[in-house]
Structures are given as structure tokens and as C-alpha cells.
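1. Sequence plus predicted model, see below.
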Amino acid sequence: MADEKCNVVEFKVQGQICQGTLGESLLSALRRHGFEVPSLCFHEAVSSYGACRLCLVEVKKGRRSKLTTSCNYPVQEGLEVQLDTDEVVRHRRIVLQLLLAAAPAAKAVRDLAARYGIEETPFVPRPEEDCIQCGLCIRICEAVGVNALGFAGRGVSKHATTPYEETSAACVGCGACADVCPTGCVKVVDADGFRTIERWHLKVPLTLCKTCGRGFAPEVHLTRMAGQAKLEIAHLANCPKCRGRAFAAEFRLP
Ligand code: FES
């Protein structure tokens, strides 16, 4: 029975009774209960987009059952979920063949495909491509309030990029896009006093840590953070490592 007070719902996964919260995605609830479901485009920090199609499961409500992606399917009272049925695995294998053609250079895709015994694809591959166009970089950029990225092109030409494929004035080089990228195709390089994100045509100067002298974050990013937190920029003059050391020193026993 659904608990009205705390919005808890009960559902079954392969016969096992599980609990979820109203509004929670089925994938989150499954993982919380220790079930393994593959995914590439899901991240708790942003809304689900259902791009990679790997998180397929079979759900049954009443007498009707269907295959669905679990990342954008809400948990519901009385739902019955099956994970790796023949039908789920058959569809997931086709999805993996498509992903292998879309991004053959992505190790995460190749590894996942290998787990399902797939090493070749019947679809036309795009050699050298390592992006699966899941849009996670775009969604996290939106979530941090920067909005420097979007999709351009259509069909097989669709790709995540900056407006007009040029350096975006909005991009602060925070690197959140690289942190969440499931294939590692967004690369952040800090060298010679600059942060470079080649995929977004970005090269911005790094601020040097006041204590150790190491370049640690783009100046534009620190200025934005200081503005948002209503802090003097001087409070962000040290790199996280030196800040941690200074903090620990304050609490050191005499
Ligand atoms: S994680 Fe659900 S579609 Fe990618």
C-alpha cells in the first residue's frame, strides 16, 4: 500500500518486494536496492533524457507488460519489474550494436558490448568517433546555469557543440561536462597556465594558487563562483589541496 504521508510506494523486482519514493526514477530505485542495470546517459544530478536506451527493463502493471527505459520511468505502486529477460537482452544487444557503430572509439561502449558478447556491428561504423550523443554534457551545463552547449545538426550529423562551433562566451571552463561524460570524449587539459577543452574550442587562463603556485581553475570560473557565493575573489585564491591543508593545520593538536 502506498504510504500517503511519506510517498513511499512498493513494487516488486523479480519477485522481491522493494520500496521507492513517488517521483523517483525506476533506475535509481533499482540501483539503491543493489540491482545491476547498465546505463551510459544517466546521472542523478540532471533530468533523464533516455538517450542510450541501455537501461531497458520489463515492467508489468495489471495485466499489461512492456519494455521501457528505466531511467525515465517513475516507480509506481504495484509495479512488477523483470531485469534480464530474453526480450530485454535481445533489445539491449541491438542497442549495443548501434552504439558500437555510433562511437566505435569509445572504450566504455566497447567494454559494455563485450560483456554481451558483441565485438562487431552490422551497422555502418563512424570510425574515430567516441561520442554517443547522449547530451549529458549539455544537461549538466544547463544544470550549473551556464548553458554554453547544445545540439547541432540532424540525424547522423547531430552532435553536441557550442553555438556556431565557436568559442562560447558563456563557457567558464568548469569541466563539469568532462566529469559526467560517460565515454570520456570531453577532455580537459591544464597545461602552461591555460585550460583547454578542444571539443568546445575553449582555451582560458588558469588562476595560480597563492600558496603552491599551481594553475588550478580558470579565472572566469572563479569569478563566477565568487559572484554566486557573494564572496571576495581573494577567498578562492588557493587551490583545493592547499585550502585543505590550511584547514587541517587549524585543527592540528599542539
Ligand atoms: S540510462 Fe536510460 S536511456 Fe540511458
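-> Ah, there it is.
2. ok, whatever residue of the stretch 101-250 of the chain ends up closest to the ligand - contacts?
-> With C-beta to the nearest ligand atom as the measure, residue 134 is the residue of the stretch 101-250 of the chain nearest to the ligand, at 6.6 Å. In short, each C-beta sits where N, CA and C put it, glycine included. Applying C-beta atoms under 8 Å, 6 or more residues apart in numbering, we find residue 134 in contact with 40, 41, 49, 51, 52, 182.
3. residue boundaries of the helices in the stretch 1-150 of the chain?
-> Read by DSSP state H, counting those that start in this stretch, the stretch 1-150 of the chain holds these helices, from start to end of the chain: 26-32, 86-102, 107-115, 136-143.
4. For the third one, the averaged confidence score.
-> This points to helix 107-115. When the per-residue pLDDT values of helix 107-115 are averaged, the result is 98.
5. again with the last one
-> When pLDDT is averaged over helix 136-143, the result is 98.
6. Repeat that for the shortest one.
-> Looking at helix 26-32 alone, the average pLDDT works out to 98.
7. Could you find the lowest-pLDDT member of the contacts of residue 134?
-> Taking pLDDT as the measure, those have their low point at residue 49 (91).
8. List the residues that contact the closest residue to it other than its chain neighbours.
-> Once flanking residues are discounted, residue 49 sits nearest to residue 135: 5.6 Å by C-beta to C-beta, 6 or more residues apart in numbering. Residues in contact with residue 135, defined by C-beta under 8 Å, 6+ apart, are 41, 49, 51, 151, 160.
9. Could you do residue 18 as well?
-> For residue 18, the set of contacting residues under the criterion of C-beta under 8 Å, 6+ apart consists of 10, 11, 12, 29, 30, 33.
10. I figured the fourth one was touching residue 20, is that so?
-> So the one you mean is residue 29. Yes: in terms of C-beta atoms under 8 Å, residue 29 counts as a neighbour of residue 20; the distance is 3.8 Å.
11. which residues touch stretch 244-254?
-> Contacts with stretch 244-254, where a contact means C-beta under 8 Å, 6+ apart, come from 211, 238.
12. Export the contacts of residue 135 as JSON lines, with columns for neighbour count and distance to the ligand.
-> Converted to JSON lines, the contacts of residue 135 look like this (neighbours: other C-beta atoms under 10 Å; distance: C-beta to the nearest ligand atom, whole Å):
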{"residue": "41", "neighbour count": "24", "distance to the ligand": "4"}
{"residue": "49", "neighbour count": "17", "distance to the ligand": "7"}
{"residue": "51", "neighbour count": "18", "distance to the ligand": "5"}
{"residue": "151", "neighbour count": "12", "distance to the ligand": "16"}
{"residue": "160", "neighbour count": "23", "distance to the ligand": "15"}
